[in-house]
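Colleague: model this:
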Amino acid sequence: MDPRTSGQPQPAALTVAAGVALTSLVQYLASRATESELSSEAVCWMVFPFLLRPQAKPSTYVPQLGDVTAGRKPTESSLRLWGTAVCIAALSFCKAEFGAVVCLFPLATPLLVKAQEHLQLRTGALRHETTKEGALPRSILDTFWGSLLAAAVAVYGLAAWDVKAATLAVIPFAVLVGLFYSLMPQMGDRGRLNTFHLELEDTIRPLSLRIVGFLIVLQFVDIWAFGFPSIDGVWTVFLGLAKAFSWYFAVQSTKYTSESWRIVTAIATFGLVATRNPYTQPSDMQALTNVAASLVALAQSISMLPKHTKQRALLWSFALVPLLPYLANMVAIKAAESAAQQLTYQHPGQHPVAQLMEKAKADFDSMLSRQSKTYEAAVEEYKRRYKVEPPPGFRGWYDFAVKSQSPIIDDFDTIYHSVSPFWKLSGQEVIDVMNRAYHTPYSELWQCTFHGVTAKTECRHPYRNFDRHLTLLFDKVLGDLAGVLPDIKFVVNHLDEPRVVVSSDQDLAGMRFALADMSHRPVWKELTASCSSPSSSKPNDFTNGFDTFGLPFVNSTAYSLDICANPSYASTYGLFTSPVSMRLLTGLVPVLSTGAPSTMSDILYPSAAYIESGFIYDPTRDIPWEKKSNNLYWAGSTTGGYSPSSDSSDSSSSASQWKSFHRQRFVSLAQNLNRQPHTYLRSLNGAITQVTSPFLNSRLFSVFFTRFQFCSPSTCRAQRAFFRTKSYADKDEALSSRLVFDLDGNGISGRYYKLLASNSAVLKQTLLREWHDDRLVPWVHYFPLSMGMEEVPELVMYLTSTQEGRQKAREVAEGGKEWWGKALRERDMGVYLYRLLLEVGRLQDGGRGRGEPRVVAGGG
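Modeller: Take a look at the predicted model:
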């Protein structure tokens, strides 16, 4: 029976359908098992020769070109096989190392179109082809410009304007071009590769042996560079078999089309874009582009079949592969938004965020109203708070603060809590211990002197020259205080990580201290040694008269920052698990640092990063709230902890330890990589209750890692494979989003003030105390986040998808921006440092004995 008129599916339709199905399956599986790439490719090429056995020429719908290999020299054939094997093995290696950087692959289709047109024009075959029934071009997609346009859509869907990723993709694309070039001699006199499958059947065994050999060598190189991959043997074999069958049906598909191997690239392009998960796409445009590119690639594949293949219309059923997940994702997004809006309509002002903001605003207004209005009131408030007289020079400081229009006069508890532990030492002992600490080998301390006459600061280090803009900070914010302060010495931490731990029963004899290198080692035990009893801070369940419904919304920053009260922090924060560079000083050593956890005794001062050009807010790069994207943005690197390999001698942790670090946990949550249940608040039966769902609206999160550092080669590679990355992000790209995220790295985040100054609302997660803690109020100037971040999905949904939430987000954005302009200026840093130097100066007063600071009559 003639297959052209039979009701049974024709071999062409069945073969192409199998090729499309298996290629899509391979892309789906490979995206979830990147470490199995080389091993599965080796399995594929071991199996493929047994599938593609030499056989008689099949009946085809296009004329055969005859024996194109006749007369070829054996040496040329052998070299061509070696070249083809090298290219295929190199492509596998590129895919294994670059992961998803295959965004230029769709350009292979127009490349083949142009190559075919060139050869046909050279041989004159094009004139012959255009006179035949069914001749090319049959559609715009079969032309060079049509296929180039289709490829451009697919490239955009795969690259998403990631210029660096596209640049890296040039490498595998160049290898692909080399593969095509090695196959060019196989084209017949009409510029087609439609007889190559016949020669491939004869040469597949020697070709596959060469490919497998190269892959084995590459696998050994990979093991030498990164260690043994953690692969599942069964999964690897299954993936390899799927690849072998996809290759088999791809080769078979070339028998039924005059376009020959162009159908292979079209099918492969479909597999690449159709299997992109719409639930993980950060924008509607990205998700829709993938669907459009998939449909175009499918149309290209179908159009390459002969017109008389009636059952080719059945291939359109594969359009459901990208369409069904996309439509299901859109329905889930609309349902989630509707449920969030219903809660605010039925319970206006009852969401925990709304209540926390109301309470915080009242507390903030109260703090402002109680600030002292006169010098005498400031002195009395100082005595009331700290039970001692103010330091010498307090009158000058007060006048400077008033002249600088400082909104904060009394709330400098951070300074008191930083300095007061060192009152146990006498003034001379303070000077001596600072000198000894500075001269201790590898202490990583700067010894600085503020010269009162000139108001200039000089700093020196045993072997470093760049002081990380330390002197720039002091000179800039205190430069107009010449002749006001005495000469004051102090030591400053060079590292990002904090330094000082003082036990409650610190032995003062000989002012002993110890310096220990705790880099890449757990430090939780050392940092919590002073936690003698459970914290008195209240947890976050039900306080201040309202319910958080089981979500850990931060209603007590004291509790949130208290590491003694939160033992779970031991394994969820990179600094505690495996710090990048921790030189721990145990003892009474007054060291200035930019941030420190609750149990550490570093003296806190403003980070110089806040005045560096890269972190300065530029209003010309910002846009109005109404024009910003309604999502949460963060992009950054894997700072925060060192990720060792499993065989590291200095770490007892496994190679997957990085998954518990705070930055990795946040990105994993925002990209929904663990597919864990998320908790949301819903209105059910007239009451607010919590529900769980694995759904996370990816359109609300634009979160990526841009660089992987502080990790061993194997763990850096594992993280590149695990996360969806963005190779480059402009430093001001965050200002395009309404919500911006900020969290600790190795130390404090230098971009914090820039984000506060913008027209965006800041979501902040931190365990580090900073100088500004007395003046920045959570829920008024920023949205605080718990270390576990279980509340993030609900918080972001509320702030972006409900009218009430969007208004609250805008209020915080405006509140943070306004307060930054009043309380976080360089003048405010100067006010803080002025007062800090007064306290440090009294601390090292040679006439002060051990114990309380010397009382100075009048405090002025």
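Colleague: show me the contacts for Cys531.
Modeller: Ile563, Cys564, Thr599 (C-beta atoms under 8 Å, 6 or more residues apart in numbering). Placement of C-beta: from N, CA and C, glycine included.
Colleague: Name the residue closest to the centre of this structure, please.
Modeller: Centroid-nearest residue in the chain: Phe705, 2.5 Å away (criterion: C-alpha atoms, centre = their mean).
Colleague: Before we go further, that residue is sitting in a helix, right?
Modeller: No - going by DSSP: H, G, I helix; E, B strand; the rest coil, the assignment for Phe705 is strand, not a helix.
Colleague: Go through the protein and flag its longest helix.
Modeller: Assignment by DSSP state H gives helix 196-226 as the longest helix of the chain.
Colleague: for it, packing partners?
Modeller: helix 37-51, helix 74-98, helix 233-253, helix 713-722 (3 or more C-beta pairs under 8 Å, 6 or more residues apart in numbering; DSSP states H and E).
Colleague: buried set for the second one?
Modeller: Residues 80-81, 83-98 are the ones in helix 74-98 that count as buried (16 or more other C-beta atoms under 10 Å).
Colleague: just the angle between that helix and helix 233-253, please?
Modeller: 130 degrees (axes from the mean of the first three to the mean of the last three C-alpha atoms, to 10 degrees).
Colleague: can you give me how far helix 74-98 is from the chain middle?
Modeller: 34 Å (C-alpha atoms, centre = their mean, to the nearest Å).
Colleague: Show me what that helix is packed against.
Modeller: helix 37-51, helix 170-183, helix 196-226.
Colleague: where's Ile231, which helix or strand?
Modeller: Using DSSP states H and E, Ile231 falls within no helix or strand.
Colleague: Assign a three-state SS to Pro462, would you?
Modeller: Under three-state DSSP, Pro462 comes out as coil.
Colleague: List the contacts of it.
Modeller: By C-beta under 8 Å, 6+ apart, the contact set of Pro462 is Tyr438, His439.
Colleague: how about it, phi and psi?
Modeller: phi -60, psi -30 (degrees, to the nearest 10).
Colleague: what about it, distance to Ala154?
Modeller: 57 Å (C-beta to C-beta, to the nearest Å).
Colleague: and what of Glu733?
Modeller: Taking C-beta to C-beta, one finds Glu733 at 24 Å from Ala154.
Colleague: Can you pick out the residue with more neighbours from these two?
Modeller: Taking neighbours as other C-beta atoms under 10 Å, Glu733 and Ala154 compare with Ala154 leading, 26 against 15.
Colleague: ok now do the more buried one, which residues does it touch?
Modeller: Pro106, Thr269, Leu272, Val273, Ala293, Val296, Ala297.
Colleague: what's the helix or strand for the nearest residue to Asp467 once chain neighbours are set aside?
Modeller: Distances taken as C-beta to C-beta, 6 or more residues apart in numbering place Cys459 nearest to Asp467, at 5.0 Å, with adjacent residues excluded. Take DSSP H and E as the rule and Cys459 turns out to sit in strand 456-460.
Colleague: Give the buried residues for that strand.
Modeller: Thr457, Cys459.
Colleague: Can you list the strands that that strand pairs with?
Modeller: Sheet pairing for strand 456-460, assigned by DSSP bridges, gives strand 445-451 (antiparallel).
Colleague: In the partner strand, which residues are buried?
Modeller: Leu445, Trp446, Gln447, Cys448, Phe450.
Colleague: repeat for stretch 323-337
Modeller: For stretch 323-337, by 16+ other C-beta under 10 Å, it's Pro325, Tyr326, Asn329, Ala332, Ile333, Ala336, Glu337.
Colleague: Now for this structure, the helix or strand with the poorest mean pLDDT.
Modeller: strand 542-543 (a mean of 47; mean pLDDT, DSSP states H and E).
Colleague: So for the lengthiest strand in the chain, mean pLDDT?
Modeller: Counting residues, the longest strand found in the chain (DSSP state E) is strand 629-637. Regarding strand 629-637, the rounded mean pLDDT is 97.
Colleague: go on, stretch 784-793?
Modeller: Stretch 784-793 shows a mean pLDDT of 97.
Colleague: That one: end-to-end distance?
Modeller: End-to-end distance of stretch 784-793 (C-alpha to C-alpha, to the nearest Å): 14 Å.
Colleague: picking that back up, the residue nearest to the centre of the chain against Ser727, yeah?
Modeller: No - counting by C-beta atoms under 8 Å, Phe705 stays clear of Ser727, with 9.8 Å between them.
Colleague: Nearest to Phe549 among the contacts of Ala154?
Modeller: Distance to Phe549 across the contacts of Ala154 (C-beta to C-beta) is lowest for Val273, with 40.6 Å.
Colleague: State the distance from that closest one to Asp142.
Modeller: Val273 is 19 Å from Asp142, by C-beta to C-beta.
Colleague: How about Thr289?
Modeller: As judged by C-beta to C-beta, Thr289 and Asp142 stand 22 Å apart.
Colleague: ok, now Leu148?
Modeller: 12 Å.
Colleague: go on, Phe708?
Modeller: Phe708 is 42 Å from Asp142, by C-beta to C-beta.
Colleague: Could you do Ala319 as well?
Modeller: Following C-beta to C-beta, the distance that separates Ala319 from Asp142 is 19 Å.
Colleague: Check Ala516 too.
Modeller: In terms of C-beta to C-beta, Ala516 sits 70 Å off from Asp142.
Colleague: what do you get for Pro462?
Modeller: 71 Å.
Colleague: for the helices and strands packed on helix 196-226, which one sits closest to Ala12?
Modeller: Minimum separation from Ala12 across the helices and strands packed on helix 196-226 (C-beta to C-beta) falls at helix 233-253, 7.8 Å.
Colleague: give the contact list for the residue nearest to the centre of the chain.
Modeller: Ala635, Gly636, Ser637, Thr638, Val667, Gln719, Phe723, Thr725, Lys726.
Colleague: same thing but at 10 Å, please
Modeller: 634-638, 663-664, 667, 671, 719-720, 722-727, 729 (C-beta atoms under 10 Å, 6 or more residues apart in numbering).
Colleague: Out of those, which end up buried?
Modeller: Buried members of those, counted by 16+ other C-beta under 10 Å: 634-636, 638, 663-664, 667, 671, 719-720, 722-727, 729.
Colleague: Going along the chain, name the helices of the stretch 701-850 of the chain.
Modeller: 713-722, 752-757, 792-801, 803-823, 826-843 (DSSP state H, counting those that start in this stretch).
Colleague: Reformat those as JSON lines; add distance to Leu112.
Modeller: Conversion of the helices of the stretch 701-850 of the chain to JSON lines gives the following (distance: least, C-beta to C-beta, whole Å):
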{"stretch": "helix 713-722", "distance to Leu112": "30"}
{"stretch": "helix 752-757", "distance to Leu112": "48"}
{"stretch": "helix 792-801", "distance to Leu112": "44"}
{"stretch": "helix 803-823", "distance to Leu112": "49"}
{"stretch": "helix 826-843", "distance to Leu112": "61"}
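Colleague: looking at those helices, which is closest to Leu29?
Modeller: Nearest to Leu29 among those is helix 713-722; the distance by C-beta to C-beta comes to 14.1 Å.
Colleague: between the closest one and helix 37-51, how big is the angle?
Modeller: 70 degrees.
Colleague: Helix 713-722 vs helix 196-226, what angle?
Modeller: Using the same axes, to 10 degrees: helix 713-722 against helix 196-226 is 130 degrees.
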